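# Sequence first, then the predicted structure:
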There are 2 protein chains.
Amino acid sequence: MQPIKDIIICGGTHGNELTGVYLAKKHNWLLANPAAAALCRRYLDRDLNRCFALSELKSRKNSSGELTRAKEINLLLGKKGTKTAPDLILDIHNTTANMGITLILSSKDPALLAISKVIATEFKDVRIYLQPESREESPYLGTVAKRDICIEAGPQPHGTLNAELFFKVERIVFRFLELVEAWNNGILPKIGNKIEVFAEIRNIDYPRDAKGNITAMVHPALQGRDFCKLKAGMPVFMGFDGKEILWQGKVCYPAFINEAAYYENGVAMALTLPAKDA
Amino acid sequence: MQPIKDIIICGGTHGNELTGVYLAKKHNWLLANPAAAALCRRYLDRDLNRCFALSELKSRKNSSGELTRAKEINLLLGKKGTKTAPDLILDIHNTTANMGITLILSSKDPALLAISKVIATEFKDVRIYLQPESREESPYLGTVAKRDICIEAGPQPHGTLNAELFFKVERIVFRFLELVEAWNNGILPKIGNKIEVFAEIRNIDYPRDAKGNITAMVHPALQGRDFCKLKAGMPVFMGFDGKEILWQGKVCYPAFINEAAYYENGVAMALTLPAKDA
């Protein structure tokens, strides 16, 4: 297997997720969306982290705002889907959900899985999250590289900095780089299957009325309980009228519960299950 | 004393503070900034809650965005500083700071102080906060009325809803209205001085570099400790380099610690002291 050498670390893909913005500034990493960061907004025209599908990057149509920036980043880093693309991108995000440090992998890449498992044994509240993507048409920034990992840190209100989270993410990034080196040299500690990997199944939306307005909130009993077991009969939502909505589906482990940025995307939470063979 | 009869309840003065937005929608209260609420942003052009100084409302210069809306609200409610102004405005806000339910009074109005003290004995985590304003030139929406109270509910990331907080604020608003009635009828329970009132002294900013960029975060030991005692020698900030900055001022009780919306205003926290004779 080829060694992982050319590594890009970036933050501020969403301009109001301040852990990555300020880590990028501190270490001269790639600040992905400086225009949005300057206004402390997730994005200006459209979500930069939905602009990296190969067909969009290659499109010759006039682009503006975030799509222009995506094309710029793609050229800067060495072009998605080509030999000159980076070996690895680490992209730092925040979430308002109580997800601790969640390492999101877009494939079952053996190197990243093995390294992430070491991280999960060394740091508290670290979880591994598998969100398999068809790489070429995936819109995420990380997919410019041959492999990528997204570091989600929460809970943190967007537009704020939590000092503890800031230094924890910083330590994890530097430890990750050491472990990549260990992997390259064939001396990465083996962890086996004792670390749970959560695989994303699907998203569910808030209950909404005919006009698309939400009619319920995350239930207090579910709020903050990311990665905990949800079984049929347990409460999921509470209407503005106080009525409880109970889970009627199969057992699952929700994450991204009550993420601020996903209200507009029709996502109240993502459902996951323990991954097999990960 | 005149009875308090004409009462306006409003939410969504900041469009991303969702407790007030959705309570206003549920009960047909005044949704103060619907344009910002539609985009889930604090404001579009400028902060609506800084548009209500009498000189601005009376200005004949062309206005746009939030100032136009402020003039509209002023006319709708009966004009600031006149007899037809409402007797009372209750304006519902959220904060990312760990402030529980904070009832902010803009004066030592005897009725509102007495009612707030009853609320503070009946509900958990309610605090009374005095922010004396010269009413005429105060820019806050509430000052359109003869008296006003701002209900700050936190901690809640902007752009999200916490169901527990939603129903708690709803219960407090309805209880407040009952207690106004009791006050009008001279049967409000007397609480005396056993409830602490915190008076705002001044705001302090984050440490910043010559370009105005912040160079430190709220210290982990202070994060979430709103209304707790801060003494000389206790940590206040932590630099991005990990260096601690200790408090060198007099004893105080910080609030609005790490409020997202105040980064751009140069406010890391507000300092308060127990009010005398309140």
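Structure's in. What do you need?
# near chain B, which residues of chain A?
Selection of chain A residues close to chain B by C-beta under 8 Å from any C-beta of the partner chain yields A:22, A:25-26, A:40, A:96, A:155-164, A:166-167, A:213, A:217-220, A:223, A:238, A:240, A:242, A:258-261, A:263-264. C-beta: built from backbone N, CA, C; applies to glycine.
# Going along the chain, name the strands of chain A.
Across chain A, reading from the start of the chain, the strands by DSSP state E fall at A:7-11, A:30-31, A:88-94, A:101-105, A:126-130, A:147-153, A:197-204, A:216-218, A:235-239, A:244-246, A:253-255, A:269-274.
# Tabulate the ones you listed in JSON lines, adding columns for mean pLDDT and mean neighbour count.
Below are the strands of chain A laid out as JSON lines (pLDDT from 0 to 100; neighbours: other C-beta atoms under 10 Å in any protein chain shown):
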{"stretch": "strand A:7-11", "mean pLDDT": "98", "mean neighbour count": "22"}
{"stretch": "strand A:30-31", "mean pLDDT": "98", "mean neighbour count": "20"}
{"stretch": "strand A:88-94", "mean pLDDT": "98", "mean neighbour count": "26"}
{"stretch": "strand A:101-105", "mean pLDDT": "98", "mean neighbour count": "23"}
{"stretch": "strand A:126-130", "mean pLDDT": "98", "mean neighbour count": "21"}
{"stretch": "strand A:147-153", "mean pLDDT": "98", "mean neighbour count": "23"}
{"stretch": "strand A:197-204", "mean pLDDT": "97", "mean neighbour count": "18"}
{"stretch": "strand A:216-218", "mean pLDDT": "98", "mean neighbour count": "24"}
{"stretch": "strand A:235-239", "mean pLDDT": "98", "mean neighbour count": "20"}
{"stretch": "strand A:244-246", "mean pLDDT": "98", "mean neighbour count": "13"}
{"stretch": "strand A:253-255", "mean pLDDT": "98", "mean neighbour count": "23"}
{"stretch": "strand A:269-274", "mean pLDDT": "97", "mean neighbour count": "20"}
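# could those strands be laid out in a markdown table, adding distance to B:Pro86?
Shown next, in a markdown table, are the strands of chain A (distance: least, C-beta to C-beta, whole Å):
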| stretch | distance to B:Pro86 |
| --- | --- |
| strand A:7-11 | 47 |
| strand A:30-31 | 47 |
| strand A:88-94 | 40 |
| strand A:101-105 | 48 |
| strand A:126-130 | 51 |
| strand A:147-153 | 44 |
| strand A:197-204 | 42 |
| strand A:216-218 | 30 |
| strand A:235-239 | 31 |
| strand A:244-246 | 36 |
| strand A:253-255 | 44 |
| strand A:269-274 | 41 |
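# residues contacting the one residue in the stretch 1-150 of chain A that gets nearest to chain B?
Evaluated by C-beta to the nearest C-beta, the stretch 1-150 of chain A has A:Thr96 as its residue closest to chain B, separated by 4.2 Å. Contacts for A:Thr96 (C-beta atoms under 8 Å, 6 or more residues apart in numbering or on different chains) come out as A:154-158, A:258-261, B:157, B:159-160.
# Quickly list what A:Asn152 is bridged to.
Residue A:152: Glu, not Asn. Listed by DSSP bridges, the beta-bridge partners for A:Glu152 are A:His93, A:Thr102.
# mind listing what it touches?
Under the criterion of C-beta under 8 Å, 6+ apart, the contact partners of A:Glu152 comprise A:93-95, A:99, A:101-104, A:129.
# of those residues, closest to A:Leu271?
A:Tyr129 (11.8 Å; C-beta to C-beta).
# thought that closest one was touching A:Ser106?
No - taking contact to mean C-beta atoms under 8 Å, the distance of 10.1 Å between A:Tyr129 and A:Ser106 leaves them out of contact.
# Please report how far the residue nearest to A:Glu196 when sequence neighbours are not counted lies from chain B.
Sequence neighbours aside, A:Pro274 is the residue nearest to A:Glu196 in space, at 5.7 Å (criterion: C-beta to C-beta, 6 or more residues apart in numbering or on different chains). Per C-beta to the nearest C-beta, to the nearest Å, A:Pro274 is found 27 Å from chain B.
# how far is stretch A:266-274 from where the chain is centred?
Using C-alpha atoms, centre = their mean, to the nearest Å, the mean C-alpha position of stretch A:266-274 is found 13 Å from that of the whole chain.
# Can I get that stretch as PDB, trimmed to CA atoms?
Once side chains and other backbone atoms are set aside, the C-alpha atoms of stretch A:266-274 remain, and they are given as PDB (Å, rounded to 0.1, in the frame of the first residue of the first chain):
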ATOM      1  CA  GLY A 266     -34.900  18.600   6.600                       C
ATOM      2  CA  VAL A 267     -32.700  16.700   9.000                       C
ATOM      3  CA  ALA A 268     -33.600  16.300  12.700                       C
ATOM      4  CA  MET A 269     -31.100  13.600  13.200                       C
ATOM      5  CA  ALA A 270     -29.100  10.900  11.400                       C
ATOM      6  CA  LEU A 271     -29.800   7.200  12.300                       C
ATOM      7  CA  THR A 272     -26.900   4.900  12.600                       C
ATOM      8  CA  LEU A 273     -26.200   1.200  13.400                       C
ATOM      9  CA  PRO A 274     -23.100  -0.600  14.500                       C
END
